[in-house]
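> Need coordinates for the following:
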Amino acid sequence: MQAKASVHKGMHDGSTPIIIAAEFNHPQALALLATHRPQLHPNFMNQQRNDGMSALMTAAYFNHLDCVRLLLALGVNAALADEHGNTAVSLAYQGSESQEVMDNFAQFGDTTRNEIRVKMKMNPKYRKALG
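Prediction:
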């Protein structure tokens, strides 16, 4: 940051520093990048890779909960979808396949909780528990 490096330029796959920080579970780096948000591209926190993955989707898939919570607190768009139509919630479910997903993403609101519930009902392992 002090060397005036561009923090919103992407790599060959479109990954930005914010996406990389989320992928490798570095909430401190996310927080540092967020402090420079006013000087950055207005949509910096919601930028997506070439395949449509955002920082929130990446953190959700790997179940990096501190990153997910921070990104949500920063107001990122939880409704973004990748090229396959996956949202952060559906990717979280794919990444962890556990009841923990329901608990950790409950803060997303009713629509998201319902999305998780539907996906979990599709999995025979959880069908009985969810009714």
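> can you give me the helices in the chain?
Ranges of helices in the chain, per DSSP state H, are 17-23, 27-35, 55-61, 65-73, 88-96, 99-104, 110-122, 124-130.
> what helices or strands is the third one leaning on?
Identification of packing neighbours for helix 55-61 by 3 or more CB pairs under 8 Å, 6 or more residues apart in numbering; DSSP states H and E yields helix 17-23, helix 65-73, helix 88-96. The C-beta positions use only the backbone N, C-alpha and C, and glycine is treated the same way.
> Touching that helix from outside, list them.
The contact list for helix 55-61, computed with CB atoms under 8 Å, 6 or more residues apart in numbering, reads 16, 18-19, 21-23, 25, 30, 45, 47, 53, 67-68, 71-72, 76-78, 80, 82, 86-89, 91-92, 94-95, 105.
> thinking again about what came up before, can the helices and strands packed on helix 55-61 go into CSV with extra columns for mean pLDDT?
Formatted as CSV, the helices and strands packed on helix 55-61 follow (pLDDT from 0 to 100):
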stretch, mean pLDDT
helix 17-23, 94
helix 65-73, 84
helix 88-96, 79
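> In CSV: these, plus distance to residue 35 and mean neighbour count.
As requested, these are exported to CSV (distance: least, CB to CB, whole Å; neighbours: other CB atoms under 10 Å):
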stretch, distance to residue 35, mean neighbour count
helix 17-23, 12, 23
helix 65-73, 12, 20
helix 88-96, 23, 22
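> could those be laid out in TSV, adding distance to residue 36?
Shown next, in TSV, are the helices and strands packed on helix 55-61 (distance: least, CB to CB, whole Å):
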stretch	distance to residue 36
helix 17-23	10
helix 65-73	15
helix 88-96	23
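> quick one: residue 63 from residue 94, how far?
From residue 63 over to residue 94 the distance is 10 Å, taken as CB to CB, to the nearest Å.
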